[in-house]
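Asks: Sharing a model prediction with you, sequence too.
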Amino acid sequence: MRRASTTRSPGLSFRRSRRSLRRSSWWSKSTWGSRSRPWSSWNTTSSTITATRGTRCHASSPEWGAPGVHPARLVDGPGRHLEVTPQVAIEAHDLRRTYRTSTGTVRRRRIEIEAVRGISFSVLTGQIFGIVGPNGAGKTTTIKMLTTLLQPTSGRARVLGFDVVHDRQEVRRRIGYVVGGDRGLYDRLSGYDNLRYFAVLYGVPGGEQRRRIGSVLELVGLEKRASERVEGYSRGMRQRLHVARGLLHDPPVLFLDEPTIGVDPVGARDIRQTVAALAAAGKTVLLTTHSMIEAETLCKRIAVIAQGRVVVAGSAAAIKDSGTARAVTEILAGDVSEATLQRLRGLPGVLAVSTEVRDLTLMIRVQSTVSADLTPAILKQLNGARILNLSSRQPTLEDAYIELVSDLGRVEPN
């Protein structure tokens, strides 16, 4: 008896191979999902979510994927109810990260290094939140835990209601991560081809890629240079291309790790304008930076961290008021007696008075509390003296930052 032929038609093999490709992990929903809808198409509703350990939460509204209203997995006990606050996009509670390493040459011993020691903060939807701190303070480690690249040793964190440990894939679908520096781009490809490559990796549907790439290139101001190879880009252009790459899949939350590092002032200004435009469009942005001007200009709230802990968090104005930074009044004068200097030291609000001889004149530096307006009182005490110049300035965010981290002995040169 002859066996039936098992030869498959080319069309059948092609159709089966396409089905296999669609089922593969490369096309799976773990990256983007061809059926996923962009965040902008979802309706914003508020819901209370009930969860049990090991089960996915469901909101009362069918549109539970709306920005700010997201399902979450309960990790601290079965049968508990969890109400997700619609306005909170990022939450960190007592995050800790410990590294184990070895030291010594002859007699090796294992030690533990605490990079992050109980950091807690929250970021509201549509807000730019800044993290500043000296080198080695734990800024990048914190961002890596929030973006699921590192698992916390202890503590909890959620992004858009999803736990960064138990719901890693859900978090990754909804975030963009931009790292400062030259890594992550292909020099021999054009800017457009770089973005097209990453759009495929992100799982952006083929029909959406051209429109999405054009949109992000226009946002970062590279639409006229998109056809050029990246090897000819300046440092600022590369950084803007990094930002465009992080926005390809239209994430509602963007993490920026020192986005202006090594960029000239003009390029840094362009990147800051791009970040401000993202926040105006409703994106939530968390950035780390060493630039106090950048933090004060962009961020609604700022956390100063040192030695793996949050030293202070709040608005730039609140941080300047809460620190030990001082207002400074400088008087360039001549013929000032020691008795006059003693009277200046006794004025209410004066913290310190120092002098410096400059040629035939005396520079008097009066440090006072931020709230004290001492100019009239100083002029009254210096009545009769020859005053050549008087200037005063309030403490900057940089002054407050240096004072805060100096108390912990963590000021390091950058």
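Replies: In hand now; what should we look at? Numbering: from 1, shown residues only.
Asks: Which pLDDT value goes with residue 80?
Replies: We have a pLDDT of 35 for residue 80.
Asks: try residue 87
Replies: 87.
Asks: Please renumber the chain so that the first residue is 49 from this point on.
Replies: With 49 as the first residue, the last one maps to residue 135.
Asks: Next, work out how far apart it and residue 208 are.
Replies: Distance, residue 135 to residue 208, using CB to CB, to the nearest Å: 12 Å. All C-beta spots, glycine's among them, are computed from the backbone N, C-alpha and C.
Asks: Please apply the same query to residue 173.
Replies: Counting by CB to CB, the gap from residue 173 to residue 208 is 9 Å.
Asks: How is the protein divided into domains?
Replies: For the chain, the structural domains run 97-148+158-368, 374-442, going by automatic domain parsing.
Asks: To residue 449, which of the ones you listed lies closest?
Replies: Smallest distance to residue 449 across those (CB to CB): 6.0 Å, for domain 97-148+158-368.
Asks: any chance you could map the strands in the stretch 99-248 of the chain?
Replies: Remark: strands assigned in the stretch 99-248 of the chain by DSSP state E, counting those that start in this stretch are 129-130, 136-151, 157-172, 176-180, 202-207, 210-211, 223-227.
Asks: Tabulate those strands in JSON lines, adding columns for mean neighbour count and distance to residue 363.
Replies: Output for the strands of the stretch 99-248 of the chain, formatted as JSON lines (neighbours: other CB atoms under 10 Å; distance: least, CB to CB, whole Å):
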{"stretch": "strand 129-130", "mean neighbour count": "14", "distance to residue 363": "29"}
{"stretch": "strand 136-151", "mean neighbour count": "16", "distance to residue 363": "17"}
{"stretch": "strand 157-172", "mean neighbour count": "16", "distance to residue 363": "13"}
{"stretch": "strand 176-180", "mean neighbour count": "25", "distance to residue 363": "11"}
{"stretch": "strand 202-207", "mean neighbour count": "21", "distance to residue 363": "23"}
{"stretch": "strand 210-211", "mean neighbour count": "22", "distance to residue 363": "28"}
{"stretch": "strand 223-227", "mean neighbour count": "22", "distance to residue 363": "24"}
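Asks: Between those, which one is closest to residue 257.
Replies: Set against residue 257 and scored by CB to CB, these come closest in strand 223-227, at 16.2 Å.
Asks: Pull the distance from that closest one to the chain's centre.
Replies: A distance of 9 Å separates the centroid of the chain from that of strand 223-227, by CA atoms, centre = their mean, to the nearest Å.
Asks: Could you pull out the buried residues of stretch 301-313?
Replies: Within stretch 301-313, the residues scored as buried using 16 or more other CB atoms under 10 Å are 301, 302, 303, 304, 305, 306, 307, 308, 309, 311.
Asks: what's the nearest residue to the last one if we skip its chain neighbours?
Replies: So that's residue 311. Nearest in space to residue 311, with sequence neighbours left out and distances taken as CB to CB, 6 or more residues apart in numbering, is residue 284 at 4.7 Å.
Asks: That neighbour contacts residue 316, correct?
Replies: Yes: at 7.2 Å, residue 284 and residue 316 qualify as touching, with contact defined as CB atoms under 8 Å.
Asks: thinking again about what came up before, neighbour count for residue 173 and residue 208, which is higher?
Replies: More neighbours surround residue 208 than the other of residue 173 and residue 208, with 28 against 19 (other CB atoms under 10 Å).
Asks: Go ahead and confirm that one touches residue 299.
Replies: No: between residue 208 and residue 299 no contact is recorded; they are 9.7 Å apart, counting by CB under 8 Å.
Asks: Helices of the stretch 149-298 of the chain, start to end?
Replies: Secondary structure of the stretch 149-298 of the chain by DSSP state H, counting those that start in this stretch: the helices cover 187-194, 216-221, 239-250, 254-268, 283-294.
Asks: now these in CSV, with distance to residue 168 and mean neighbour count?
Replies: Output for the helices of the stretch 149-298 of the chain, formatted as CSV (distance: least, CB to CB, whole Å; neighbours: other CB atoms under 10 Å):
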stretch, distance to residue 168, mean neighbour count
helix 187-194, 11, 23
helix 216-221, 18, 19
helix 239-250, 31, 19
helix 254-268, 33, 16
helix 283-294, 26, 23
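Asks: pLDDT score for residue 381?
Replies: 87.
Asks: Please look at it and residue 431 and confirm they touch.
Replies: No: using CB under 8 Å, residue 381 makes no contact with residue 431, being 11.5 Å away.
Asks: out of those two, which sits in the busier spot?
Replies: Between residue 381 and residue 431, counted using other CB under 10 Å, residue 381 has the larger neighbour count: 18 against 8.
Asks: Can you report phi and psi for the more buried one?
Replies: The phi/psi pair for residue 381 (degrees, to the nearest 10) reads phi -140, psi 170.
Asks: ok, it - contacts?
Replies: Going by CB atoms under 8 Å, 6 or more residues apart in numbering, residue 381 touches 409, 410, 412, 430, 433, 434, 435, 436.
Asks: next one: the helix or strand harbouring the second one to chain centre, how far?
Replies: Put plainly, it is residue 410. Element membership of residue 410, judged by DSSP states H and E, is strand 409-416. Distance of strand 409-416 from its chain centroid, counting by CA atoms, centre = their mean, is 39 Å.
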